[in-house]
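Asker: just a sequence and a predicted model for now, questions to come.
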Amino acid sequence: MPNHIRRTTQGWVADFYVCGKRKQLRRRTMSEACEAMEQAIAEAAVLAQHRAQEKPFTLKEARLLTIETRWEGLPTLEPSSCNSQAVVDFFGEDTPLESITPLMVKELRQHLKAQGNSPATINKKVSTLSSMFNDAAEYQRIGAVPKLPKRLKVKNTKDRYLSMEE
């Protein structure tokens, strides 16, 4: 749906998309709705241009941000930190976070599987990457979080041993 303005019972609504996200602004008059939509689009363009000019947010910086904001002080700090370091080691610490694609995540999974990691361990390591994406987006260091591949299926059944009586 392209950008448009429509009439409602309470006034006028500007319906538009900015950076792939739908926005709706309600105003009393059509001209106010039009101006608000144009201003929001212009502000988003300035923000995108500013983000393009600044140094890219690296995987190392994303890992440190996530450790500080999400895992610090929790019992999961050490395992999460180790899992995230494995991801950083694979991609390289100077890799821009936004340059990581779902295809690259698939390659990471294949690499981890070749190293002998179980599907559950692979899911944990990819989950740390997802956390880094989410925290970077929350703190507006990247534009949007990419859709990552679905988790690997994990076999959670335990081997059952029968006793002599059974």
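Answerer: Cool, got the structure.
Asker: so which bits of the helix or strand of the chain with the lowest mean pLDDT are buried?
Answerer: None of the helices or strands of the chain scores lower by mean pLDDT, DSSP states H and E than helix 30-53, at a mean of 84. Neighbour counts over helix 30-53 (16 or more other C-beta atoms under 10 Å) mark 33, 36, 37, 41, 44, 51 as buried. Every residue, glycine included, has its C-beta placed from N, CA and C.
Asker: check which residues of the helix or strand just after that helix are buried.
Answerer: Beyond helix 30-53 in the direction of the C-terminus, DSSP states H and E gives the next helix or strand as helix 59-66. Using 16+ other C-beta under 10 Å as the test for burial, helix 59-66 gives 59, 60, 61, 62, 63, 65, 66.
Asker: show the model's pLDDT score for the last one.
Answerer: Looking back up the chat, that one is residue 66. If you check residue 66, the pLDDT there is 94.
Asker: so it touches residue 83, yeah?
Answerer: No. Using C-beta atoms under 8 Å, residue 66 is not in contact with residue 83; the gap is 11.0 Å.
Asker: joint contacts of these two?
Answerer: Residues touching both residue 66 and residue 83 (C-beta atoms under 8 Å, 6 or more residues apart in numbering) are residue 128.
Asker: which residues sit in contact with residue 86?
Answerer: Residue 86 is in contact with 112, 125, counting by C-beta under 8 Å, 6+ apart.
Asker: switch to 7 Å and redo it
Answerer: residue 125 (C-beta atoms under 7 Å, 6 or more residues apart in numbering).
Asker: separation between it and residue 131?
Answerer: Residue 86 is 14 Å from residue 131, where distance means C-beta to C-beta, to the nearest Å.
Asker: what of residue 16?
Answerer: Applying C-beta to C-beta, the value for residue 16 to residue 131 is 31 Å.
Asker: same question for residue 106.
Answerer: From residue 106 to residue 131 the distance is 19 Å (C-beta to C-beta).
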